[in-house]
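**Student:** task: produce atomic coordinates for the following.
(one chain, ligands or ions: 1)
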Amino acid sequence: MTITVSGIPQMGLGTYGRTGDDGLAAMLAAIELGYRHIDTAQSYGTEITVGRAIPRSGLKREAFFVTTKVADTNLDKASFLPSVEQSLETLQLDHVDLLLIHWPSAKDAVPFEDYMTALGEAKARGWTKRIGVSNYPIADIERAKAILGEGALSTNQVEIHPYLQSPKLTTYAKNTGLQLTAYQPLAKGRVSGEPLLKAIAEKHGVTAPAISLAFLMSQGHVVIPSSANAGRLRENLAALNVKLSEEDVATIRTLNSGERIVNPQKSPKWDD
Ligand SMILES: NC(=O)c1ccc[n+]([C@@H]2O[C@H](COP(=O)([O-])OP(=O)(O)OC[C@H]3O[C@@H](n4cnc5c(N)ncnc54)[C@H](OP(=O)(O)O)[C@@H]3O)[C@@H](O)[C@H]2O)c1
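**Tutor:** Just a heads-up that it's a prediction; the model follows:
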């Protein structure tokens, strides 16, 4: 079953760490189960795995929604567009469906306007159907809109899970029509041991990770969980069939503690 929000399949597949033959096997297992939205990045070393998996799947290119991200080391004028061309070559695609800036350039080391303009140019050249950003706080989204125009950004991909629900960013996104994509939606697997989620999962006949994903989707987010295991990939897909009650949602909201997993030194000033 494919549910699409803002033109993006709501359930995607994270590919961080899925390199080599093991990574390819995990990706093919996921495609076999029905995953069609694949999230990669220049910095993951998995564009090459995606480039092997798509032709091996036997499905048409159009069946897939592929996202990649320009690394923060490729934001300067000389590197940006050639890096996207290289990504397409590695992916063996003539365009991606969504191209993101992976991280804002810390302290504007690369001028903001330069790389936002290059992002728009990649779309104008037909190298991507949609453009967006990742790890962007509200202030930088506003700056991007001033350059690219209202509605130009299809998503902001950020860390969101039951322990980091990001209420400020979520409210801003709802009010301005910006789609959020939740990365690490299972808090790196930690949600599977959460008693509160387990109790709700039991009621719905699914697992705690599926409840985490169903919760995030109920908040309107796209989710991109990752697993190398076919059984767990299937468990996670089951989230698409879960209808949480208002009471379930209210209970899961209490898990928010603002706990952030991905917080490198180059991080911007987060809103939540
Ligand atoms: N934009 C960014 O800066 C950024 C940053 C981080 C991640 N991402 C994207 O987000 C994707 C997802 O993040 P992530 O892979 O780091 O974390 P995640 O999806 O939150 O969690 C993945 C971990 O959870 C385990 N897991 C998956 N399903 C499970 C289940 N049903 N039961 C128990 N354990 C389960 C996996 O182990 P097994 O493999 O053993 O199942 C893996 O260790 C990445 O792959 C990447 O595409 C983007």
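**Student:** partners of the helix or strand of the chain with the lowest mean pLDDT, with directions?
**Tutor:** Of all helical and strand segments in the chain, the minimum by mean pLDDT, DSSP states H and E falls on strand 4-5, at a mean of 94. Sheet pairing of strand 4-5 (DSSP bridges) gives strand 8-9 (antiparallel).
**Student:** give me the residue from this protein nearest the ligand.
**Tutor:** In the chain, the residue that lies nearest the ligand is Gly14 (2.3 Å; Cβ to the nearest ligand atom). Bear in mind the C-beta positions are built from the backbone N, C-alpha and C, glycine included.
**Student:** now do the contacts for that residue.
**Tutor:** If you count contacts by Cβ atoms under 8 Å, 6 or more residues apart in numbering, Gly14 has them with 39, 183-184, 224-226.
**Student:** which of the residues you listed are close to the ligand?
**Tutor:** When Cβ under 6 Å from any ligand atom is applied, the members of the contacts of Gly14 adjacent to the ligand are 39, 183-184, 224-226.
**Student:** what about Leu91, neighbour count?
**Tutor:** Residues within reach of Leu91, counting by other Cβ atoms under 10 Å, total 22.
**Student:** which residue comes closest to it once chain neighbours are left out?
**Tutor:** Leaving aside its chain neighbours, Leu91 sits nearest to Gly51 (4.6 Å; criterion: Cβ to Cβ, 6 or more residues apart in numbering).
**Student:** do the same with His95
**Tutor:** Counting by Cβ to Cβ, 6+ apart, the residue nearest His95 is Trp127, at 5.4 Å.
**Student:** and His204, by the same measure?
**Tutor:** Val242 is the one closest to His204 (Cβ to Cβ, 6+ apart), at 5.3 Å.
**Student:** state the mean pLDDT of whichever strand or helix holds Lys168.
**Tutor:** Taking DSSP states H and E as the definition, one finds Lys168 inside helix 167-176. Averaging pLDDT along helix 167-176 yields 98.
**Student:** which strands and helices sit next to that helix?
**Tutor:** The contact analysis (3 or more Cβ pairs under 8 Å, 6 or more residues apart in numbering; DSSP states H and E) places helix 167-176 against helix 138-148, strand 153-159, strand 180-183.
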